[in-house]
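K.L.:
structure of the sequence below:
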Amino acid sequence: MKKITPVLLVLFCSFSSYSQDTEAPTTPINFQFVDNPIVQPDNISVEWEHSTDNIGVVTYEIYINGTLSRIVDYDGANAIQYASYLNYPNGTYCLTILARDAAGNASPLSDQVCKTVNVIYQNGPPELYLSGFLNYTGSEKAIEISNMTNSTIDLSDYSVKISYDGSTTWDVVYTFPANSVIPSLESFIIAHPSLSICSTMISNLGINIDYSTNLTSINGNDAIGLFKYDILYDIIGELGNNATHTNTDQFIKRGTYATTIPSTSFNVNTWDIEVSNGSCPSSFGFPNMALLNIKEQELNSFEIYPNPTNGNIVYIKNQNNVEIATVKIFDLTGKQVLQQTNPSNKINVETLQQGMYILQLEINNNMITKKLIKK
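P.N.:
Purely as a prediction, here's the structure:
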């Protein structure tokens, strides 16, 4: 008769215990927000006391507004466990938690705790924002989303919804592909598969793009909403209003920063309008954003061209002759590769290698940031 080794016996017993375990853990205790004055007003931290289980708790699941947001591994080193969320867009968030054991048994959900974030941001949007909408002919449509934060943003908590022709409900939900991100100072394009006028630019610049038939039938009178944790926090158009905000053959672009970005209200008069005339708009795929306190007429007076460039000189179009203190150019690692003080109307980029750069114009102690491509 063969002997059963102690290791095999332990594994067999453990497997038998898990497979026969039907007892759920207890609900986590005292699930609550952490009252910490150091925590930023748009950050949320929660804490709870551990659940108990006949064999052992393995994970906790945290839900935000009814949607699973995070799975946290059990950490028994302390009696209280924590989780933090950064940079919530303005809105109201209700969180609940449950415990789960190795056999998959789940505890009842805790009572929900709710918090409202309402912050006026002074140094640029802390989250993604809807930065552009291309309403070319037929099905050639595209939605542009940009990231002007200092870090890469994971898109797993985000979605885009579309409401057609003045409907009072959201008719279509677009979810981002798995593992999608938007790096700092980059844009993400959601385009209909028929989009062709920007194909060359998309290919040459390596723009992040996903082709989706969810944009079928979208027009310039439809509402487009950007959601996080299924909470609307930025919008193009107005839910329930079928008034045209973007005419055919137009590209609307957010070019300036204000405290209302992101915003659940929309005013097309605060957006730049570019007529495409059968070609890809020049600012398509570029996150143009200027910081607060620069007058709008000053911002609109600046243009960098040619961009992309395959030459050694880039020109600054400065219609209002606003004084530029410095021009700085950074590579995508954040390293400064060029600086020019009190430039006139041109920048010598001969020393730059081919690639993508971030160009900053300093005006009255504020910055205008633009993307620059050298071919």
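K.L.:
all strands of the stretch 101-250 of the chain, in order?
P.N.:
113-117, 129-135, 141-147, 153-154, 158-163, 172-175, 181-182, 186-191, 208-211, 223-228, 231-236, 250-253 (DSSP state E, counting those that start in this stretch).
K.L.:
nearest to residue 25, out of those strands?
P.N.:
Comparing the strands of the stretch 101-250 of the chain by their distance to residue 25 (Cβ to Cβ), the top pick is strand 113-117, with 19.5 Å. From N, CA and C alone the C-beta is placed, and that goes for glycine too.
K.L.:
that closest one to strand 231-236, inter-axis angle?
P.N.:
30 degrees (axes from the mean of the first three to the mean of the last three Cα atoms, to 10 degrees).
K.L.:
numbering from 39 from now on, please.
P.N.:
Okay, using 39 as the starting number, the last item reads as strand 151-155.
K.L.:
and strand 151-155, what does it pack against?
P.N.:
When contacts are defined as 3 or more Cβ pairs under 8 Å, 6 or more residues apart in numbering; DSSP states H and E, strand 151-155 packs onto strand 67-71, strand 82-87, strand 129-139.
K.L.:
show me which of those strands has the highest average neighbour count.
P.N.:
Most buried of the helices and strands packed on strand 151-155, by mean neighbour count (mean count of other Cβ atoms under 10 Å): strand 129-139, with a mean of 20.
K.L.:
residue 238 contacts residue 318, correct?
P.N.:
Yes - counting by Cβ atoms under 8 Å, residue 318 is a contact partner of residue 238 at 7.3 Å.
K.L.:
residue contacts, residue 241?
P.N.:
If a contact means Cβ atoms under 8 Å, 6 or more residues apart in numbering, then residue 241 has no contacts.
K.L.:
just residue 267 next, same as before
P.N.:
Counting by Cβ under 8 Å, 6+ apart, residue 267 has contacts 102-103, 105, 107, 129, 131, 195.
K.L.:
of these, which belong to helices?
P.N.:
Of the contacts of residue 267, none are assigned to helices by DSSP state H.
K.L.:
quick one, which of those residues are buried?
P.N.:
With neighbours counted by 16 or more other Cβ atoms under 10 Å, the contacts of residue 267 contain buried members at 102-103, 107, 129, 131, 195.
K.L.:
for residue 238 and residue 318, work out which one has more neighbours and name it.
P.N.:
Counted by other Cβ atoms under 10 Å, residue 238 and residue 318 do not tie: residue 318 has more neighbours, with 20 against 11.
K.L.:
the more buried one and residue 347, how far apart?
P.N.:
Going from residue 318 to residue 347 by Cβ to Cβ, to the nearest Å gives 16 Å.
K.L.:
what of residue 260?
P.N.:
From residue 260 across to residue 347, the span is 36 Å (Cβ to Cβ).
K.L.:
these two: who's more crowded?
P.N.:
Between residue 260 and residue 347, residue 260 has the larger neighbour count (other Cβ under 10 Å), namely 26 against 18.
K.L.:
which strand residues bridge residue 266?
P.N.:
residue 196, residue 269 (DSSP bridges).
K.L.:
follow-up on the earlier one: dump the helices and strands packed on strand 151-155 to a markdown table, plus distance to residue 279 and mean pLDDT.
P.N.:
Listed next are the helices and strands packed on strand 151-155 as a markdown table, based on distance: least, Cβ to Cβ, whole Å; pLDDT from 0 to 100:
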| stretch | distance to residue 279 | mean pLDDT |
| --- | --- | --- |
| strand 67-71 | 36 | 94 |
| strand 82-87 | 32 | 90 |
| strand 129-139 | 21 | 92 |
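K.L.:
mind putting these into JSON lines with distance to residue 217?
P.N.:
What follows is the helices and strands packed on strand 151-155, written out as JSON lines (distance: least, Cβ to Cβ, whole Å):
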{"stretch": "strand 67-71", "distance to residue 217": "29"}
{"stretch": "strand 82-87", "distance to residue 217": "24"}
{"stretch": "strand 129-139", "distance to residue 217": "24"}
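K.L.:
would you turn the strands of the stretch 139-288 of the chain into a markdown table with mean neighbour count, distance to residue 305 and mean pLDDT?
P.N.:
Formatted as a markdown table, these follow (neighbours: other Cβ atoms under 10 Å; distance: least, Cβ to Cβ, whole Å; pLDDT from 0 to 100):
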| stretch | mean neighbour count | distance to residue 305 | mean pLDDT |
| --- | --- | --- | --- |
| strand 151-155 | 13 | 23 | 86 |
| strand 167-173 | 25 | 13 | 93 |
| strand 179-185 | 25 | 18 | 92 |
| strand 191-192 | 16 | 25 | 90 |
| strand 196-201 | 21 | 18 | 95 |
| strand 210-213 | 16 | 24 | 94 |
| strand 219-220 | 18 | 25 | 91 |
| strand 224-229 | 23 | 22 | 91 |
| strand 246-249 | 16 | 27 | 92 |
| strand 261-266 | 23 | 14 | 94 |
| strand 269-274 | 21 | 11 | 90 |
| strand 288-291 | 22 | 11 | 91 |
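K.L.:
tell me how the protein divides into domains.
P.N.:
Listed by automatic domain parsing, the domain ranges of the chain are 44-155, 158-327, 331-413.
K.L.:
highest average neighbour count across these?
P.N.:
domain 158-327 (a mean of 18).
K.L.:
next up, the contacts around the closest residue to residue 369 other than its chain neighbours.
P.N.:
Here the nearest residue to residue 369 in space, its sequence neighbours aside, is residue 375; by Cβ to Cβ, 6 or more residues apart in numbering that works out to 5.4 Å. Residue 375 makes contacts with 367-369, 389-390, 395, as judged by Cβ under 8 Å, 6+ apart.
K.L.:
residue 206 too?
P.N.:
Contacts of residue 206 (Cβ under 8 Å, 6+ apart): 277-278.
K.L.:
roughly how far does residue 411 sit from residue 395?
P.N.:
Counting by Cβ to Cβ, the gap from residue 411 to residue 395 is 8 Å.
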